[in-house]
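> Next comes the sequence, and after it the predicted model I'd like to discuss.
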Amino acid sequence: AATKILVEDANDGSGSTISAQTVTSGNTLTAYAILRDASDNFVGLATENVSWNLTSKTNGVADGDLVDNENGSATFTGNLVGSAVINADSTELTSTPSGTITVEPGDATKLAIATQPEGGASGDELTTQPVIEIQDAAGNVISDDDTTKVSVAILSGDDGTLSGTTSVTAENGIVSFTDLGLAGTVGEDYLLRFTVTDLTEADSDSINVSVGAASQMTVSTQPENTVAGENIGGAPAVTITDAQGNPVSGIDVTVSVNKTSFATGNTTQSTNGSGIATFSDLVLDTADTGYELTFEASSVSLNATSNTFEITPAVATQMVITQQPNPAVGENDGTPVSLGSITLQTQDEFGNASTVGLDAQQDVTVSLETDPTSGSATLGGTLTKDIQSGTATFDDLTLDKDGTGFELTFTSSAPENLGSVTSDPFNMQNVEDASGFDVALASAGEKTAGTGFDVEISNATGTNGSDLNGEINVTVTSNQGQDGEVF
């Protein structure tokens, strides 16, 4: 009669207890419940009242790896690496288990991601570097693999670029990436695919990038030609992005202009959530061409220069004298003396030469503003001129009297009121006729021969002749009829 039950390798008693052995993952081992008597004689195959189980399990070996075939046998399937002992138990019988069954990896068939990658700032290294395993079909790491090289590429996601080492060799079946970086678009989902020839690839979970370091500045809104004194047209703006074009916010940008400085306006702005810094209140009041704006973000060492643009004059509101009257010296012959060529220019309120708004004929009239002769001087010539191309020239004005501090006023009030402008003071000398002047002693009484005395020179109106230039011959005759010296 049977006294014991053994786990053997044959169903007819011709075998022996299953010895310790290795099973490759994916392979199977069949065990038989053999009944023997006390002398180890074969009694039969235990097909009833047998309980199969695994003991001394290690690592990935599980109870489910052993299946009762319900015919006196059980099948052990190697799956995950580990070890176990196969037992067949029956009531009142002594059980003899198998030797230790060790499961070893099968052939490499696939890649698996042990550590998922996590994105960082665009262009920087991933904050979590991926770790890849080379596995057999059951998922066991091929721990003796030190030669397989795993490569990575972007599977999906627009405008992405990988950096760093993208092909790494396994160590003990493990591939550890150490410097993998991803540059891409913020908000885009990226998938990475890891591949080896003849093995099933592995795809990562979705990863995202955050904004990278500011690396480029562009003038996104160019300045437009603008009238002097108005905000520069177009509301000039710059955009700051990282290398992949992701907008960078919170960067201070300062603007400057060539040729001059801004009349008013905020010259420092910060980039908004779209990476844009807008300068909407910059004002230039000097009319000129070839202006350029230079934008600088010193904290990130970026700059950009705009296209050239023009500032045009504003509406003409005033006149200025660009060529003043000449101080005049006559010939003492009574002929009116020219004041030279006097030029006026129409300008806007900022001092720019301007004809804006002067669409009809605009006259300028000149008058004598200050007359040191108390009204006896006459201003001659053409006293009214047309403004032509923003300029009026008086080139035939004359005065006929001597005096110090003459001033002229030019007035233009229609159709546009340009107001009045007064010249600088100027002097007139030797204009009047000196031929009719009288000579008299400065003080009455007898004069001693050989001594000096003063005389006064005056004309018929009593005007003093002290402004006369050049030599004047005066003959002195004594009351005895003898001539004195001429001086």
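All right, it came through fine.
> Can you list the low-confidence ranges for the stretch 301-450 of the chain?
Residues of the stretch 301-450 of the chain meeting the criterion pLDDT under 70: 434-450.
> Can you give me every residue that contacts the most centrally placed residue in the chain?
The structure's the chain has its C-alpha centroid closest to Met217; by CA atoms, centre = their mean the separation is 3.0 Å. Listed by CB atoms under 8 Å, 6 or more residues apart in numbering, the contact partners of Met217 are 238-240, 253, 295, 297, 302-304. The C-beta positions use only the backbone N, C-alpha and C, and glycine is treated the same way.
> let's see 10 Å
Listed by CB atoms under 10 Å, 6 or more residues apart in numbering, the contact set of Met217 reads 238-241, 248, 251, 253, 271, 275, 277, 295-297, 300-304.
> got it, and Thr28?
If you count contacts by CB under 10 Å, 6+ apart, then Thr28 has 65, 67, 75-78 around it.
> let's see it at 6 Å
Applying CB atoms under 6 Å, 6 or more residues apart in numbering, we find Thr28 in contact with 75, 77.
> Tell me the bridge partners for it.
In this structure, Thr28 has the following beta-bridge partners (DSSP bridges): Thr77.
> hmm, back to that, phi, psi of the residue nearest to the centre of the chain?
The phi and psi torsions at Met217 (degrees, to the nearest 10) take the values phi -130, psi 130.
> List only buried entries from the contacts of Met217.
Among these, those classed as buried by neighbour count (16 or more other CB atoms under 10 Å) are 238-241, 248, 251, 253, 271, 275, 277, 295-297, 300, 302, 304.
> Select from those every entry located in strands.
Using DSSP state E, the members of the buried ones among the contacts of Met217 that fall in strands are 238-241, 253, 277, 295-297, 302, 304.
> What count of nearby residues applies to the closest residue to Ser95 other than its chain neighbours?
Excluding the flanking residues, the one nearest Ser95 by CB to CB, 6 or more residues apart in numbering is Asp89, at 5.0 Å. Other residues within reach of Asp89, judged by other CB atoms under 10 Å, total 16.
> Asp89 and Ala108, how far apart?
Counting by CB to CB, to the nearest Å, the gap between Asp89 and Ala108 amounts to 38 Å.
> try Val186
Val186 is 38 Å from Ala108, by CB to CB.
> Looking at the two, which one has more neighbours?
With neighbours defined as other CB under 10 Å, Val186 and Ala108 compare such that Ala108 has more, 22 against 17.
> Can you tell me the element the more buried one falls in?
Assigning secondary structure by DSSP states H and E places Ala108 outside every helix and strand.
> and it, what does it touch?
Residues touching Ala108, when contacts are defined by CB under 6 Å, 6+ apart, comprise 134, 142.
> picking that back up, return the backbone torsion pair for the residue nearest to Ser95.
On the backbone of Asp89 - angles per degrees, to the nearest 10 - the values are phi -110, psi 140.
> quick one: it and Val50 touch, right?
No. Counting by CB atoms under 6 Å, Val50 is not a contact partner of Asp89; they are 7.2 Å apart.
> residue ranges for the strands of the stretch 151-300 of the chain, please.
With DSSP state E, counting those that start in this stretch applied, the stretch 151-300 of the chain shows strands at 161-163, 167-169, 174-176, 181-183, 191-195, 202-203, 216-221, 226-227, 237-241, 252-257, 268-270, 276-278, 288-291, 293-297, listed in chain order.
> closest one to Gly139 among those?
Ranking the strands of the stretch 151-300 of the chain by their distance to Gly139 (criterion: CB to CB) puts strand 202-203 first, at 11.7 Å.
> Can you tell me what sits against the closest one?
111-113, 155, 191, 193-194.
> what is the rounded mean pLDDT of that strand?
Strand 202-203 carries an average pLDDT of 98.
> just to revisit the earlier point, do you know how far the residue nearest to the centre of the chain is from Gly245?
Using CB to CB, we find Met217 at a distance of 12 Å from Gly245.
> now swap in Thr411 and tell me
Here the distance between Thr411 and Gly245 works out to 62 Å (CB to CB).
> Thr109 now?
41 Å.
> nearest residue to Asn49 other than its sequence neighbours?
Nearest residue to Asn49 in three dimensions, chain neighbours excluded: Ser90, at 5.4 Å (CB to CB, 6+ apart).
> Assess the claim that the one you found and Thr3 are in contact.
No. Counting by CB under 6 Å, Ser90 does not reach Thr3; the two are 10.9 Å apart.
> who's more crowded, these two?
Comparing Ser90 with Thr3 by other CB under 10 Å, the one with more neighbours is Ser90, at 17 against 14.
> Among the strands of the stretch 151-300 of the chain, which comes closest to Val431?
strand 288-291 (43.5 Å).
> What is the closest one packed up against?
On a contact count with 3 or more CB pairs under 6 Å, 6 or more residues apart in numbering; DSSP states H and E, strand 288-291 meets strand 309-312.
> buried residues in the strand it packs on?
309, 311-312.
> Given that strand, what are its sheet partners and their directions?
Within its sheet, strand 309-312 is paired with strand 226-227 (parallel), strand 288-291 (antiparallel), according to DSSP bridges.
> roughly how far out does the first one sit from the chain middle?
Right, the one you point to is strand 226-227. In this view, strand 226-227 has its centroid 24 Å away from the chain centroid, taken as CA atoms, centre = their mean, to the nearest Å.
> Quick check: mean pLDDT of it?
If you average the pLDDT over strand 226-227, you get 98.
> Check stretch 248-258 too.
98.
> right, and Thr47 touches Glu70 too?
No. The criterion here is CB under 6 Å, and Thr47 misses it with Glu70 at 7.9 Å.
> surely Thr148 meets Thr169?
No. The pair Thr148 and Thr169 fails to qualify as a contact (CB under 6 Å) at a distance of 7.1 Å.
> Of the two, which one has the most company?
Per other CB under 10 Å, whichever of Thr148 and Thr169 has more neighbours is Thr148, with 18 against 11.
> show me what contacts the more buried one?
If you count contacts by CB under 6 Å, 6+ apart, Thr148 has them with 134, 170, 196.
> Let me know the distance separating it from Leu192.
18 Å.
> ok, now Lys385?
Taking CB to CB as the measure, Lys385 falls 83 Å from Leu192.
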